[in-house]
Structure formats: structure tokens, C-alpha cells
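Undergrad: Based on what follows, work out the 3D shape:
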Amino acid sequence: MKVLFITTGLLTGGAEMMLLKLVSRIDRDRFEPVVLSLLEGGPVGEQLRAAGVPVHVLGMRAGIPGPISMLKLRSIVRTVRPDVLQGWMYHGNLAASVAKRFAHSGTPVLWNIRHSLYDIREIKRLTALIVRASARLSSAVNTVIYCSHLSQVQHEALGYDPRRSLYIPNGFDTDEFAPNVQWREQFRREVGASDRDILIGAVGRSHPQKDHANFIRAARIIADRASNAKFVLTGRGLDSSNTVLTALVQELRLDGRVTFLGERKDVPRVLSGLDLLVSSSAFGEAFPNVLGEAMSSALPVIATDVGDSALIVGDAARIVPPRNTAALAEAVCNVLALSDAQRVAIGQQVRSRVIEHYSLTRIVQMYENLFEASVGVGSGATESGVIESEQVRKCAGSGE
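TA: Okay, the predicted model is just below:
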């Protein structure tokens, strides 16, 4: 079965990395995945090709597609001849619906929404137009997949057809993201952290929704209360060229306590070297991948209450309001006040939670079952070819 995944882009981000994990792990005896990026190829595109997955790139400029882009889309769809069209993120979803015009009759269209939507005014104007237009188009697709319960509620309130809704969370490779003593020692030597230092990390691209400024302001409070606390920021744009954040570090007199590492390909190694992971996002998150990765790495986590963060971490982690520096710093200091044994116990608890609810193997199987149901291989297809939500859930397996 050929599944054509149409995504907005392939730069490094949570949505793109989940696509990489899914496509790399899908059963190649049953499925032939192909990926089409509307924008750039990017590092995720390189990783997909290395995994033997064909990748096509339209090379569109940000904005409304022109006639050349449409001709390219038609050519790719007619060459691939997909059995399933799987959109990925807002622009990719809309393109998947357009691509149906060029596919064979009856080709199912699935959307995948990767964002929460607290206030549509917080997103770009063109994206907001696509979000609203997609609400009107949603009844014409087979299934709208949400990676977060909150995102599903928010989009249905905006007019997305609830009959098409299906929740499938993100999944994590618990073998790749696991405690590793050797990696821990290597990484801590790299950043100049001693055994007695407490290394607190933030992992994620530089973007206003991640609110790294809040993390740095909290670091100032934490540093005043814990002399052995050091801080690491890792992700695209989190390097010395980020003048806004580096200036804030200097203003708060945190030189020598904060390290910017930029984008890394060895995130499991980075997480192994940390003692605590902080997610300081202010808005826009649906299912923050970094929480599952850190929990799988047996790290205590502190997260702001955005998207499904509270549901993901459960009772074993601290949740604080977004944009509240004092609350964020206090939560971190409370964890630092625990004994080493208590922090280890929390780490084991959160890792067990990921293994039970968010293992990558389980999540990939849900997608595989959905693809088969959408073309009538499973028990979830109706005579009209539309997948009913309850039937899909029975076929795909229940979410948490």
C-alpha cells in the first residue's frame, strides 16, 4: 500500500521528527511510504532518504502556491499513484485535499493536526486563513488525526467535523531515549559540568512559543538559590548568533552559567547528560515531543500547562502556568531540594509512564491499522469510503 505523506516542510521540529519516526518504522512489507515536502528538503529530508524513503520537494515559497507548484504536485501524485494521502500540518493537510484531484478515484485523504489553537490571532494571517478554510473542508476528508486531546477540542470548537476526529498521540523509542552513563559523562565534560553540578536543560528550536526568555529569567532566580545549577539550551537558533537571548543572559549576569549549544543531532546523548528538563512553552504546543523524550530518558521534568503537557507527564512531574517565571523557578527549586534517590525515583516513574502509554511501536501500529481501514482492508471502512470515528478507534486501538 503506497502512502503519500504531504508535509509543510522538513526542517527539524517536533512535527517533522514524529513524521520521521513514523515513516522510518512503518512495516515495509505492508506499506510503501513516500514523502512530499511543500517547502524545503531540510535535515529531516536527508534522514528520510537515508532510511530508504523517497522524498519529493516542491520548493514552494511561503505563501499561496503558484501554477508551477500545482503542476509539480499533479506530476508527483500521478507518478506515485498513492493508495492513501496523509496530510501533515495545516498546509500539508490542505495540499493533501488538493492532491486528491490528481489521484485515482476513491483515494482516502487523512489530515494530521500538530498544533493547539488557543487564539487564532497568534498565528500568521495566511495560516489562520488556511485553518478556517480547513474547518469548512474537514467533513470531506476521511479522518482528522490529532496528537493532543486539547487540540481536538479546540479545532472542533472552530468548526472541524467531530465525526472525523481521531486521537493518536506521539510515540517514543524507549531504547534510543534511555539513561546512558557513558553519554552522560561525555556530555557533561563537553559543557564543563562537574559531578556536583545540577544541569538543567531546555530542548527545542528558538521560537516565541517556546518562551526561552522565560526559562532564562527563571534561571536567574534558580541560580541565586542553587549555586551548583547550570543551564543548557539546545535547538535550532539557540546559539551565539541569537542576540536576543544572549543579551538577556548578559543582562541577568548569567555568563558562565548558561550554555547555548544550537541544533544537535545527538539529543538522546544530551538528555542523558541532564539532571532536569524544563519545557517553558507559552502557547501553540499540542504534544511536546521533548517531554516524552526526556521522560523516556528517566529525567524529572517541569512543564508549563500548554497542550496536553499535564496529561503526558501525569502525577510524576510538575506543571506550572505559562509565562509565570516565579512559578517556573519555584517548581525547579522544589525538585532540586529533593535527594538524589528521590529524583531517580521520579525519573523511573516517568520512564515507566512513557513505556506504558507512548511507546513508538504502539503508535506506529495505530497508524498502520488506520491506513488499512481507510482503504477497506480493516473493519473501519464504510461503503462510501468514509471512516467513521468509532470504527477507526476499534481498528486502530484506543488512545489513553
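Undergrad: so what's the backbone phi/psi at the residue nearest to residue 210 when sequence neighbours are not counted?
TA: Spatial nearest neighbour of residue 210, excluding adjacent residues (CB to CB, 6 or more residues apart in numbering): residue 204 at 4.9 Å. Just so you know, the C-beta spots here come from the backbone N, C-alpha and C atoms, and that holds for glycine as well. Backbone torsions for residue 204, taken as degrees, to the nearest 10, come to phi 160, psi 150.
Undergrad: Kindly report the same for residue 7.
TA: Dihedral angles (degrees, to the nearest 10) for residue 7: phi -120, psi 160.
Undergrad: Mind pulling up the pLDDT for the closest residue to it other than its chain neighbours?
TA: Spatially, and ignoring its direct neighbours in sequence, residue 7 is nearest to residue 88 (3.9 Å; CB to CB, 6+ apart). As predicted, residue 88 sits at a pLDDT of 98.
Undergrad: again, but for residue 199
TA: Predicted confidence (pLDDT) for residue 199: 98.
Undergrad: And for residue 32?
TA: If you check residue 32, the pLDDT there is 98.
Undergrad: How about residue 126?
TA: pLDDT recorded at residue 126 is 85.
Undergrad: For the helix or strand containing it, buried residues please.
TA: According to DSSP states H and E, residue 126 maps onto helix 125-137. Neighbour-count burial for helix 125-137, with 16 or more other CB atoms under 10 Å as criterion, is recorded at 127, 130-131, 134-135, 137.
Undergrad: Can you report how many residues neighbour the residue lying closest to residue 375 once chain neighbours are set aside?
TA: Counting by CB to CB, 6+ apart, residue 83 is the residue found nearest to residue 375 once chain neighbours are left out, at 5.6 Å. Residue 83 is flanked by 21 other residues according to other CB atoms under 10 Å.
Undergrad: ok, residue 83 - contacts?
TA: Residues in contact with residue 83 (CB atoms under 8 Å, 6 or more residues apart in numbering) are 1-3, 107, 375.
Undergrad: Against residue 89, how distant is it?
TA: Computed as CB to CB, to the nearest Å, the residue 83 to residue 89 distance reads 21 Å.
Undergrad: Residue 227 now?
TA: 43 Å.
Undergrad: More neighbours: which of those two?
TA: Remark: of residue 227 and residue 89, residue 89 carries more neighbours, 24 against 10, as counted by other CB under 10 Å.
Undergrad: Please tell me I have it right and the more buried one contacts residue 8.
TA: Yes. If you go by CB atoms under 8 Å, residue 89 and residue 8 touch, sitting 4.4 Å apart.
Undergrad: related to what we said a few turns ago, could I get the phi/psi values of the residue nearest to residue 375?
TA: Main-chain dihedrals, residue 83, degrees, to the nearest 10: phi -90, psi -30.
Undergrad: sorry, back to before: wouldn't the residue nearest to residue 7 be in contact with residue 10 here?
TA: No. Applying CB under 8 Å as the test, residue 88 and residue 10 come out as separate, 10.0 Å apart.
Undergrad: which of the two has more neighbours?
TA: Neighbour comparison, residue 88 and residue 10: the larger count goes to residue 88, with 31 against 26 (by other CB under 10 Å).
Undergrad: so what are the domain limits for this protein?
TA: Per automatic domain parsing, the structural domains of the chain span 2-171+359-396, 181-357.
Undergrad: and after the one helix or strand residue 77 maps to, which helix or strand comes next?
TA: Assigned by DSSP H and E, residue 77 belongs to helix 67-80. For helix 67-80, the succeeding helix or strand toward the C-terminus, using DSSP H and E, is strand 84-88.
Undergrad: Buried residues in that following strand, which are they?
TA: Residues of strand 84-88 classed as buried: 84-88 (neighbour count, 16+ other CB under 10 Å).
Undergrad: Which one of those residues is nearest to residue 73?
TA: Using CB to CB, residue 85 comes nearest to residue 73 of the buried residues of strand 84-88, at 11.1 Å.
Undergrad: ok, the closest one to residue 72 distance?
TA: Distance check for residue 85 against residue 72: by CB to CB, it reads 16 Å.
Undergrad: try residue 283
TA: The value you get for residue 283 to residue 72, if CB to CB is used, is 34 Å.
Undergrad: now do residue 181
TA: 49 Å.
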